[in-house]
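**Student:** fold the following, please.
(one chain, ligands or ions: 1)
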Amino acid sequence: MSKLIYLDNAATTQVYPEVVDAMKPFFTEFYGNPSSVYSFAAEANRNVLKARETIASALGAKTEEIYFTGGGSESDNWALKATAEAYGNKGKHIITTKIEHHAILHTAEYLEKKGFEVTYLDVDENGVVKLEELKAAIRPDTILISVMTANNEIGTIQPIAEIGKIAKENGVLFHTDAVQAFGHIPINVDEMNIDMLSASGHKVNGPKGIGIMYIRKGVKILSFIHGGAQERQRRAGTHNVPGIVGFGKAIELATKELDSRIKYETELRDHLIDRVLNEIPYVRLNGHRTDRLPNNANFCFRFIEGESLLILLDEKGICGSSGSACTSGSLDPSHVLLAIGLPHEIAHGSLRLTLSEKTTKEDIDYTVDELKKIIERLRSMSPLYEDFLKHNK
Ligand SMILES: *Cc1c(COP(=O)(O)O)cnc(C)c1O
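**Tutor:** Numbering: from 1, shown residues only. All right, here's what the predicted structure looks like:
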């Protein structure tokens, strides 16, 4: 392909060359099983520990509170199912939101079939959880609150510290899906009263198929994958050493540059948002204007079908997304856009563009220039738009 402008960093990210370099020796040279006793395995073991320390320190957690998993979806499943199992005799009520990732929503629906009751909180028009509704939803039999740190579609960041405080005051465990947030915005598990947290390597320039779960000391959740004694007997399976090392390296890079990355991406994001809102008519920004991920922009264009927009952008070398990767391909509009109150026909015309620190202003300007032409072209072919213009002369 001649030109590639990758604006789908919420779906996955480039594995940085420095990350690949850090991983390489653990495939061919230090391939020992870190659980083995001989000294040949020591290098692998030492680097698994180093990655664990890097990740713990980035979250303000203790090293032994980090558990490596097979990715964000596994961590989300583990948090909900194992909490349900361990605390099910205390209560059978779980609180989450309508805008969670499907790894949470479908797990919650599964638990409903197993006799648990789940409250799915509404969000406001910006996608923010209403704290008063959260408080009102807590019951004596509530065992878990699970609210994502930042939304993968519209980028809205939740008031995590306030939610953590409410959970703590009520003696309820608090889990957050931080897959989109970890390494992108500051998170501190103590200051935010987080008991469990899911994160994933491939959303932060690390490899795919590696994730973590942070579990606060004292939380009694049980193993989800049974087998060997790895991960303090809470997650069996031979360590994915290259993946763990790569995730650690990615977090080392991300935390070192966190402030400058946030500043750079926020400016670029705002340039994108300003240009689209100023230069394209009948457009709406989805998600909170300021409390949003530094790299996320999400728009609805009236009289436009999201899929056709993506295909025409692709012809210009631009990778974007409508809704999330898991739902595109289906005709259902995004559950997140419906939850912020958009009607079906508008939710269908959505476009998510997610930047990286390697995206340039030229990339953004080229994208907006092409987007303007594409929207104009699609609208000129739309009978709905023609009709609208006739009635609004
Ligand atoms: C990508 C994503 C997941 C799933 O993580 P995987 O590592 O791909 O399994 C979960 N939650 C959110 C918010 C995500 O963006």
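**Student:** any idea how far N45 lies from F224?
**Tutor:** Distance, N45 to F224, by Cβ to Cβ, to the nearest Å: 23 Å. Heads up, the C-betas are built off the backbone N, CA and C, glycines and all.
**Student:** and for F182?
**Tutor:** Taking Cβ to Cβ, one finds F182 at 20 Å from F224.
**Student:** who has more neighbours, these two?
**Tutor:** F182 (29 against 19; other Cβ atoms under 10 Å).
**Student:** for the nearest residue to that one once chain neighbours are set aside, give the beta-bridge partners.
**Tutor:** Spatial nearest neighbour of F182, excluding adjacent residues (Cβ to Cβ, 6 or more residues apart in numbering): A199 at 3.8 Å. Note on A199: beta-bridge partners by DSSP bridges are I212.
**Student:** for A199, give its distance to the ligand.
**Tutor:** A199 sits 9 Å away from the ligand, going by Cβ to the nearest ligand atom, to the nearest Å.
**Student:** D122 too?
**Tutor:** The spacing between D122 and the ligand, counted by Cβ to the nearest ligand atom, is 19 Å.
**Student:** how about the contacts made by that residue?
**Tutor:** With contacts defined as Cβ atoms under 8 Å, 6 or more residues apart in numbering, the neighbours of D122 are T97, K98, K130, E133, A339.
**Student:** can you count the residues close to the nearest residue to the first one once chain neighbours are set aside?
**Tutor:** Across the structure, with Cβ to Cβ, 6+ apart as the measure, the residue nearest T97 apart from its sequence neighbours is L121 (4.5 Å). Neighbouring residues of L121 were enumerated by other Cβ under 10 Å; the total is 20.
**Student:** thinking L121 is in contact with L131, fair?
**Tutor:** No - at 9.9 Å, L121 does not count as touching L131 under the criterion of Cβ atoms under 8 Å.
**Student:** ok, and the closest non-adjacent residue to A167?
**Tutor:** F174 (3.7 Å).
**Student:** again with E53
**Tutor:** T63 (5.2 Å).
**Student:** what does R292 give?
**Tutor:** For R292, ignoring the flanking residues on the chain, the nearest one in space by Cβ to Cβ, 6+ apart is G155 at 3.9 Å.
**Student:** element containing the residue nearest to A236 when sequence neighbours are not counted?
**Tutor:** Using Cβ to Cβ, 6+ apart and skipping the chain neighbours, the partner closest in space to A236 is G227 (3.0 Å). Secondary structure from DSSP states H and E places G227 outside every helix and strand.
**Student:** is it true that G227 touches R235?
**Tutor:** No - counting by Cβ under 8 Å, G227 does not reach R235; the two are 9.0 Å apart.
**Student:** so between the two, which is more surrounded?
**Tutor:** Each of G227 and R235 has its neighbours counted (other Cβ under 10 Å); R235 has more, 24 against 11.
**Student:** what helix or strand is R284 on?
**Tutor:** Here R284 is assigned to strand 283-285, by DSSP H and E.
**Student:** partners of the helix or strand following that strand, with directions?
**Tutor:** As assigned by DSSP H and E, the chain's next helix or strand after strand 283-285 is strand 296-301. Strand pairing for strand 296-301, determined by DSSP bridges: strand 283-285 (antiparallel), strand 350-354 (antiparallel).
**Student:** got those strands as CSV, with mean pLDDT columns?
**Tutor:** Formatted as CSV, the strands paired with strand 296-301 follow (pLDDT from 0 to 100):
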stretch, mean pLDDT
strand 283-285, 96
strand 350-354, 96
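**Student:** burial count for D124?
**Tutor:** D124: 14 surrounding residues under other Cβ under 10 Å.
**Student:** ugh, wrong one, I meant G91
**Tutor:** 17.
**Student:** what score does it have for pLDDT?
**Tutor:** Per-residue confidence (pLDDT) for G91: 97.
**Student:** and for the one 4 residues further on?
**Tutor:** In the prediction, the pLDDT value recorded for I95 is 98.
**Student:** got the phi/psi numbers for it?
**Tutor:** Backbone geometry at I95, expressed as degrees, to the nearest 10, gives phi -110, psi 130.
**Student:** okay, now it: neighbour count?
**Tutor:** Neighbour tally, I95, other Cβ under 10 Å: 26.
**Student:** shouldn't it be in contact with I138?
**Tutor:** Yes - the criterion here is Cβ under 8 Å, and I95 meets it with I138 at 7.0 Å.
**Student:** give the residues shared as contacts by the two.
**Tutor:** By Cβ under 8 Å, 6+ apart, the residues touching both I95 and I138 are I145, V172.
**Student:** next, count neighbours for the closest residue to the ligand within the chain.
**Tutor:** The nearest approach of the chain to the ligand comes at G72, 2.4 Å away (Cβ to the nearest ligand atom). G72 is flanked by 26 other residues according to other Cβ under 10 Å.
**Student:** from now on call the first residue 17
**Tutor:** Sure, I'll start counting at 17 from here, so that last one is G88.
**Student:** how close does it sit to I241?
**Tutor:** 15 Å.
**Student:** what does V220 give?
**Tutor:** V220 is 23 Å from I241, by Cβ to Cβ.
**Student:** so which of these two has more stuff around it?
**Tutor:** Applying other Cβ under 10 Å to V220 and I241 shows that V220 carries more neighbours, namely 22 against 15.
**Student:** so that one makes contact with H200?
**Tutor:** Yes - between V220 and H200 a contact is recorded at 6.8 Å, counting by Cβ under 8 Å.
**Student:** between the two, which contacts overlap?
**Tutor:** By Cβ under 8 Å, 6+ apart, V220 and H200 have these common neighbours: A270.
**Student:** need the pLDDT of S18.
**Tutor:** At S18, pLDDT is 73.
**Student:** oh, I was asking about H351
**Tutor:** Per-residue pLDDT puts H351 at 94.
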